[in-house]
Structures are given as C-alpha cells and as structure tokens.
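What follows is a predicted protein model with its sequence.
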Amino acid sequence: MSCKSHADLPSLLPRLVAFARTIIGDADSARDLVQAAAARALAARQVPDAPRAYRAWVFKIVRNAAFDELRARAQRRQQPPAPAVDLWRYDDAYIAKITVEQGLAAIAPAHREIIALIDIGGFSYAETADMIGVPIGTIMSRIARARAALLQAIEESSVRPLKSSHGH
Amino acid sequence: MATDRASQDELLLNALVDGELSPRERAAAASRLASDREFARAYAVLMRLKASVVEGAEEAGTVAVRLPRQRDRRIAVAAGVAAVLVALIAGGAMDWLVEREAPQAEIATQTVKLVSFTQPAVLPDLVPAGLKLTATATQRGTNGEVLIATYLGPRGCRLELRVQRAEGAVVTADGTDRRNWQVGDLVYQLVAYGMPAERFIAVAEAAERATRAGGSPVAPGRRLREARISAPPCLA
C-alpha cells in the first residue's frame, strides 16, 4: 500500500458520506460508517491503482458496510413490488431537494442503492452492474423502477407534486 | 397506464439522463424530444429528479471524519494525511498538497501543506517516545488556519502539536506544559496535557529537531527513548 494509492480518498469522502447517508438514512451513522470504511481501505493490502477502479473499490467497501449496517439494524425490508410505470403523470415543478430527501427515505434500500450509485456515485451502468454483480440490462430496469418509486414516494409525501394535465 | 411502449420509453429516458445512450441513440432521442411533448416533459421530470438527488448529496457531503486508530504506523501516517485533507475539504479548501516521506526513518515524518501556509508543516512521528499520531484537524484562528496534530500515549498521555503562520498573534492553547519554536514562516507549539515535565522536554526537543530538519529523518536520541519507558504515567 502506498499513500499515493489513496490520494483520491479525501476528495471522495463527501460523496461517500452522501452515498452512505442515502442508503442508511441518517448523516451521523453515515459519517461513522465512512470513517470505518476509510480505515478499512487504508489498511487494505491490495489497492487498485487506476483512479476509476479505486473509486469503485472504495464505494463498494462503503456499500457493503451500509448494507451490513442495515442488516444489523434489522430494518431491511422486502423490496416492494415495482410501482406501476407511470412516469408520464408527474410534473417536475414539485421535485425539490427536500421532497427528494423525503422520498429517498421512504423507498426501499435497494432502490436507494441504485439511485445512490448512479446519481451520487456517478457510476455508469456498466460499473454499477459490475459492482452489484448483475447484467447491465438489470441495472437499466432497476434504475427506472427506483426512480419511479422515488417519484411515487414524492407524490405520497406531504408535499405533493402537481398532477399533469396530460396524465394517462 | 404502463404500456410496453411506455416501459421502453422509460428505460430510454433514464438512459438518456444518465448519459448511457450511444451518439446515434442520443440523436434519435433528441429528435423525439423536439417533437413529442409528453416525452420531453417526462425527460424534464427525470432530469429534475436526478439534479435534486445530486444537489442534496452535495450539501450532505461536507464532513469531518475522525482519524481511526491504526496498528500499522504507515497506515497511521496515511490516515493522518487523509484526516488533514478531510478537514481541508470540510473547510472548503480543495487546493491542497501533501507529501509523505521517510517511512523507514527512526523518526519518520510527514509534511503537510495547508493552502494558507507558505511552507509545509512537519509532523514528526513520536512513536519512539510511545506517542502515536491519532488525529489531525484544522482550526480557524485569528491568523488563519491552525493545523492541530494530536498524539496519544498508552498511559493517558496527550500532546497537541499546533502549527500556524508566524505572522500576527499566535493562538495559544491551554495545557499543562508548552513549548514554542519557529521554523521559517511557521510557529510550532507543542502542548502537553498532564505529561511529566522531564518527559515533555525530551519529546519537545525531539519534535523540534524533526521539524527543523524539514522532514529529513533524524535519530530519536537516547533521551526520547528513555522518555518512553522511564517516565511516570501522565496525569491528565
């Protein structure tokens, strides 16, 4: 291990915390989790050299830790059936940071994970598929389902998005 | 209502907002965005959703992570560097530079350069005196940033090495003992919390020598090694 291998770690930490927070739901636990994950990364004997591989490797450590945390809390829920694909009836006017945060807290961990990996982690579908161990096509459908679930959760929150006049 | 077409469009739109389409697919999608109002509106919804997720993440990302305890000295050095950088990130300073060197030296050191420092600060490894670097942080002082390195010993000993620019008033920390010295444009202040005076003098001398050496390896010296084993436990 060399210090150079971990040169990207500091710049990744904010995203890692945001990623962990999205999955496990609270900021304090996310910070603790990332701290522990960073220690694990720094202690690892085999560290990827390429920046993108290193990034994926660190996110994977945090991802595993986040799901361990969820299991430890015994709060893991069964993934709910995918909501009806009805993207067309939503309006973007009421999608805001606060409603999205509420929505993320309400959807299943698996949905949060895929959104966090792609939107917060900035991973491509191929990288995400590799990280989770599923085909790219599965990632495509999962992210679509996850966003549909998030939109539905936003709609069901106290701040309701406007229905579109073009709804089907 | 979800139809097969709608489902395919959903996948297409999600791939579009995620930048996953080929140039040809993108061109076809762009053409449809221009002609299909519903398609364009759904695209706007997804774009807004993605932007809001990213925006929330960026706000949540400011964080200071405590330095974990490490068994391995090299890991501790690396982790120390990381903790400093995290502190910098938390303070909004992204322009940083860190160098680490001489892991094999008897007193290994790491040099850390904060953006507000004109020269690197030297953080000596005080393991020969039984003190491990366990945390680094930055604090906003009246004279700019103060770099604070915390060393802990096994018997309740705690030292802080505070580094700040020499210009203006030096922020002085409390503690049971204190030693100041200046190297170039930086003032170093080693602060003890409950450490017996004789031991503190030996440690402070070693720390000062290491910082004056500018990160070059220095021998720990007999007094420092003796300080590890002969001194009574710290009081604080």
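That came through, no problem.

mind listing what residue A:107 touches?
A:146, A:149, A:150, A:153 (C-beta atoms under 8 Å, 6 or more residues apart in numbering or on different chains). Where you see a C-beta, it was placed from the backbone N, CA and C, and this is true even at glycine.

The same query, at a cut-off of 6 Å, please.
Residue A:107 makes contact with A:149, A:150, A:153 under the criterion C-beta atoms under 6 Å, 6 or more residues apart in numbering or on different chains.

so when I look at the second one, I'm seeing a strand, right?
No. Membership of residue A:150 in a strand is not supported by DSSP: H, G, I helix; E, B strand; the rest coil, which gives helix.

quick one, what contacts it?
Applying C-beta under 6 Å, 6+ apart to residue A:150 gives the contacts A:103, A:107.

The residue of chain A found nearest chain B: which element?
Nearest residue of chain A to chain B, counting by C-beta to the nearest C-beta: residue A:14, 2.8 Å away. Element membership of residue A:14 [criterion: DSSP states H and E] is helix A:9-24.

For that helix, name the packing helices and strands.
helix A:27-43, helix A:51-72, helix A:109-115, helix B:37-60, helix B:73-90 (3 or more C-beta pairs under 6 Å, 6 or more residues apart in numbering or on different chains; DSSP states H and E).

nearest spatial neighbour of the residue at minimal distance from the centre of chain A, skipping sequence neighbours?
Centroid-nearest residue in chain A: residue A:116, 2.0 Å away (criterion: C-alpha atoms, centre = their mean). Sequence neighbours aside, residue A:22 is the residue nearest to residue A:116 in space, at 4.0 Å (criterion: C-beta to C-beta, 6 or more residues apart in numbering or on different chains).

and the one you found, how many neighbours?
A count of neighbours around residue A:22, defined by other C-beta atoms under 10 Å in any protein chain shown, yields 26.

for it, what are its contacts?
When contacts are counted by C-beta under 6 Å, 6+ apart, residue A:22 touches A:104, A:112, A:116.

Tell me which stretches of chain B form helices.
Remark: helices assigned in chain B by DSSP state H are B:4-17, B:23-35, B:37-60, B:73-90, B:197-212, B:222-230.

and the first one, which residues are buried?
This means helix B:4-17. B:6, B:9, B:10, B:11, B:12, B:13, B:14, B:15, B:16, B:17 (16 or more other C-beta atoms under 10 Å in any protein chain shown).

which other residues reach that helix?
A:85, A:87, A:140, A:143, A:144, B:21, B:29, B:42, B:43, B:46, B:47, B:50.

Please work out the average pLDDT along the host helix or strand of the fourth one.
When elements are defined using DSSP H and E, residue A:143 is found to belong to helix A:136-156. For helix A:136-156, mean pLDDT is 90.

So which bits of that helix are buried?
Using 16+ other C-beta under 10 Å as the burial criterion, the residues of helix A:136-156 that qualify are A:139-155.

before we move on, back to that, so what's the residue count around the residue of chain A closest to chain B?
Residue A:14, neighbours per other C-beta under 10 Å, totals 21.

With residue A:70 instead?
By the criterion of other C-beta under 10 Å, residue A:70 has 18 neighbours.

Low-confidence bits of chain B, can you list those?
Scanning chain B for pLDDT under 70 picks out the ranges B:1-6, B:58-115, B:142-143, B:154-156, B:171, B:215-236.

What are the structural domain limits within the chain?
Let's take chain A. Annotated domains of chain A cover A:3-72, A:87-156 [automatic domain parsing].

wrong one, chain B
According to automatic domain parsing, the ranges for chain B are B:4-60, B:73-230.
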